[in-house]
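Student: can you look at this prediction? I've put the sequence above it.
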Amino acid sequence: MSFTAISLEEKQSALDELRKVKQQFAARGWFPGTSGNLSIRVGEYSPDSFHFAVTSSGKDKSIHTPEDFLFVDEAGEPCETTKLKPSAETLIHAKIYRMTGCGAIFHVHTVFNNVLSELYGDQGYVPVQGIELIKGLGIWEENAAIEIPVLPNYADILSIAKLVPGALKPEIPGILLRNHGIYVWGKNAFEAKRHLEAFEFIFEVEYRRLALK
Ligand SMILES: CSC[C@@H](O)[C@@H](O)C(=O)COP(=O)(O)O
Ligand SMILES: [Zn+2]
């Protein structure tokens, strides 16, 4: 499907939804120092051809401007003539869309996801068990034990993107980058937001449990 064949209504609705999520996450302090990026996919999906709206790079994500988002294709290239630059981490979004066919991807840097990613970085995953909010990730098994993957935080984004297929676990809708932040996805913005809130709750519980020991 070409980008121009996607309806204006669908494009506008993705932008409206991104704006709403951006505002909610900013209110939680989830975009310190212009960090973080968000995207929502539009139109039909095939692993070789898809489009998504993504935050433009380096903006203060706590304020709204007409230059907050742009549309890119599966290669992370802008679909329309624009002076805006897509997020520096657009290739990670593109890789996650290609691997999962999901509908939305959110990335935030928080103190809790940074601390946990470093603590378990050498091991390559954060082990978690016995927290009710694991169900918020869509895992309903009693007393489920999960492992949240942690990837190294290379300066070269393409090098990180290449590691995504090997790290991604179909049942876990997120990947940590060590000392950087988390990428979370869902079939739509509602689900991706629920996953992100569940992950961050889990990280805070784990952090506080360890701090009490
Ligand atoms: C300013 S620190 C954060 C960046 O290095 C990056 O990790 C990030 O999340 C935001 O980059 P951006 O290009 O604005 O999407
Ligand atoms: Zn980042």
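Tutor: The structure has been received and is ready for your questions. Ligands and ions are numbered 1, 2, ... in the order given.

Student: distance of the nearest residue to residue 5 once chain neighbours are set aside relative to residue 22?
Tutor: Excluding its sequence neighbours, the residue lying closest to residue 5 (CB to CB, 6 or more residues apart in numbering) is residue 43, at 7.3 Å. C-beta: built from backbone N, CA, C; applies to glycine. In this view, residue 43 and residue 22 are 21 Å apart by CB to CB, to the nearest Å.

Student: and the two? which has more neighbours close in?
Tutor: Ranked by neighbour count (other CB atoms under 10 Å), residue 43 and residue 22 place residue 22 first, with 24 against 18.

Student: after the host helix or strand of that one, which helix or strand is next?
Tutor: Using DSSP states H and E, residue 22 falls within helix 8-27. For helix 8-27, the following helix or strand on the C-terminal side (DSSP H and E) is strand 37-46.

Student: how about the helix or strand that that following strand is followed by: buried residues?
Tutor: Counting by DSSP H and E, the next helix or strand C-terminal to strand 37-46 is strand 49-55. For strand 49-55, the neighbour count (16 or more other CB atoms under 10 Å) marks 50, 51, 52, 53, 54, 55 as buried.

Student: wait, which of these is closest to ligand 1?
Tutor: residue 55 (5.7 Å; CB to the nearest ligand atom).

Student: is the lengthiest helix in the chain up against ligand 1 anywhere?
Tutor: Assignment by DSSP state H gives helix 189-212 as the longest helix of the chain. No: taking CB under 6 Å from any ligand atom as the criterion, helix 189-212 and ligand 1 are apart, separated by no less than 13.9 Å.

Student: residues from this protein in reach of ligand 1?
Tutor: Counting by CB under 6 Å from any ligand atom, the chain sits next to ligand 1 at 33, 34, 35, 36, 37, 55, 57, 58, 87, 88, 89, 107.

Student: which of these are buried, as a ChimeraX select command?
Tutor: In ChimeraX syntax, the buried subset of the residues of the chain next to ligand 1 is picked out as below (16+ other CB under 10 Å):
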select :35,36,37,55,87,89,107
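
Student: the residues of the chain next to ligand 1 into JSON lines, with extra columns for distance to residue 6 and pLDDT?
Tutor: Formatted as JSON lines, the residues of the chain next to ligand 1 follow (distance: CB to CB, whole Å; pLDDT from 0 to 100):
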{"residue": "33", "distance to residue 6": "33", "pLDDT": "98"}
{"residue": "34", "distance to residue 6": "29", "pLDDT": "98"}
{"residue": "35", "distance to residue 6": "29", "pLDDT": "98"}
{"residue": "36", "distance to residue 6": "25", "pLDDT": "98"}
{"residue": "37", "distance to residue 6": "21", "pLDDT": "98"}
{"residue": "55", "distance to residue 6": "19", "pLDDT": "98"}
{"residue": "57", "distance to residue 6": "23", "pLDDT": "98"}
{"residue": "58", "distance to residue 6": "26", "pLDDT": "98"}
{"residue": "87", "distance to residue 6": "20", "pLDDT": "98"}
{"residue": "88", "distance to residue 6": "25", "pLDDT": "98"}
{"residue": "89", "distance to residue 6": "23", "pLDDT": "98"}
{"residue": "107", "distance to residue 6": "23", "pLDDT": "98"}
